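A.B. asks: Return atomic coordinates for the entry below.
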Amino acid sequence: MNSTVRFDHTAISDAEFIQFQKLIFQIAGINLSDGKKVLLVGRLNQRLRHLGFQTFGQYYRHVTSAENRQERQMMVDLLTTNETYFFREPKHFDFLREVATARRSAASFRVWSAASSSGEEAYSVAMVLADVLGGNAWEVVGTDISERVLQKARIGHYSLERANHIPERLLKKYCLKGTGRHDGTLLVSRELRDRVEFRPSNLMAPEKGLGQFDVIFLRNVMIYFDNETKRKVVSNLLPYLKSDGYFVIGHSESLTGVTDELAPLRPTIYRRPHLCR
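C.D. replies: Predicted coordinates for the structure are as follows:
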């Protein structure tokens, strides 16, 4: 007798999809639109097959059980992982270079990549700071809700395709090109990896004890939030921004109507209002 589970991967009911919409919103604040049903099915189908479930309702009951926190984290990982690449939106890194240069004599310089995904943004920041500040006291902290992408980030091993935007000089200085079975990949240098700390944290309830930062990057994640969630997330992060710090968002995002505690210094770059006059 063949015990293989026969599962129709398209068979998620509207009621089941609504359950997952509410669950991922509750955990991560992400608004999973009705048009994302195919994405949800595609990302979770393998887990249902692996666990032997025949319906999404069965899987929902499984991940919402108190004893299945690990599987719930797996679900979050699968539904929140987003593609990124090095030096995305390069003008932000030009600006970071300006700020780091101006603060070269400061006791320390700290940057938070607050939705760091698999680490490309945090390492891009680190390349700029290492180039400008060298051996001075500087630090990059990368956080994400997904444990899986944080594990990848800590290793610092990527496809060369994701490195197309790294300036050639920085690529040669801070990355090792893979050879043999690692051909077509790069490894971020140990020098840089040692200066970047990756920690799990949920934007809806950031980890305590992160300290304060000269610059906070919160880019290309608020597009998944409704306005109320945007306001909550930005409010959650502001206590971690130094009084004269900078808050950087993605080019498709805006803080208009989200907070009155920050004002635009230039498009997508914000400071406390009295510093923007």
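
A.B. asks: you'd agree M127 is up against R169?
C.D. replies: No - applying CB atoms under 8 Å as the test, M127 and R169 come out as separate, 9.7 Å apart. All C-beta spots, glycine's among them, are computed from the backbone N, C-alpha and C.

A.B. asks: Check which residues of the host helix or strand of D244 are buried.
C.D. replies: Per DSSP states H and E: D244 is located in strand 241-249. By neighbour count on 16 or more other CB atoms under 10 Å, the buried set for strand 241-249 is L241, G245, Y246, F247, V248, I249.

A.B. asks: quick one: which of M127 and R169 has more around it?
C.D. replies: M127 (25 against 10; other CB atoms under 10 Å).

A.B. asks: quick one, what contacts the residue lying closest to that one once chain neighbours are set aside?
C.D. replies: Nearest non-adjacent residue to M127, counting by CB to CB, 6 or more residues apart in numbering: L170, 4.6 Å away. Counting by CB atoms under 8 Å, 6 or more residues apart in numbering, L170 touches M127, V128, D131.

A.B. asks: State whether the last one is indeed within a helix.
C.D. replies: Yes - counting by DSSP: H, G, I helix; E, B strand; the rest coil, D131 falls inside a helix.

A.B. asks: Could you list which residues are in contact with it?
C.D. replies: R97, L170, K173.

A.B. asks: I'd like these written out as TSV, with pLDDT, secondary structure and distance to R110 added.
C.D. replies: TSV is the format used below for the contacts of D131 (pLDDT from 0 to 100; DSSP: H, G, I helix; E, B strand; the rest coil; distance: CB to CB, whole Å):
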residue	pLDDT	secondary structure	distance to R110
R97	98	helix	16
L170	97	helix	20
K173	96	helix	22
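
A.B. asks: From the contact counts, what lies against the lowest-mean-pLDDT helix or strand in the chain?
C.D. replies: Counting by mean pLDDT, DSSP states H and E, the chain has its least confident helix or strand at helix 69-80, which shows a mean of 88. For helix 69-80, the packing partners by 3 or more CB pairs under 8 Å, 6 or more residues apart in numbering; DSSP states H and E come out as helix 14-28, helix 37-51, helix 56-63, helix 147-155.

A.B. asks: hmm, try it at 6 Å
C.D. replies: helix 14-28, helix 56-63 (3 or more CB pairs under 6 Å, 6 or more residues apart in numbering; DSSP states H and E).

A.B. asks: Listing partners with orientation, what would you give for the strand holding D244?
C.D. replies: Here strand 241-249 is paired, per DSSP bridges, with strand 213-218 (parallel), strand 269-271 (antiparallel).

A.B. asks: between those strands, which gets nearest to Q151?
C.D. replies: Nearest of the strands paired with strand 241-249 to Q151, taken as CB to CB: strand 213-218 at 20.5 Å.

A.B. asks: So which bits of whichever helix or strand comes after that closest one are buried?
C.D. replies: Sequence-wise, the next helix or strand downstream of strand 213-218 (DSSP H and E) is helix 227-237. Using 16+ other CB under 10 Å as the test for burial, helix 227-237 gives T229, K230, K232, V233, V234, N236, L237.

A.B. asks: quick one, domains of this protein?
C.D. replies: 14-80, 91-275 (automatic domain parsing).

A.B. asks: so which of those is the most packed in?
C.D. replies: Of those, the one with the most neighbours on average (mean count of other CB atoms under 10 Å) is domain 91-275, at a mean of 18.
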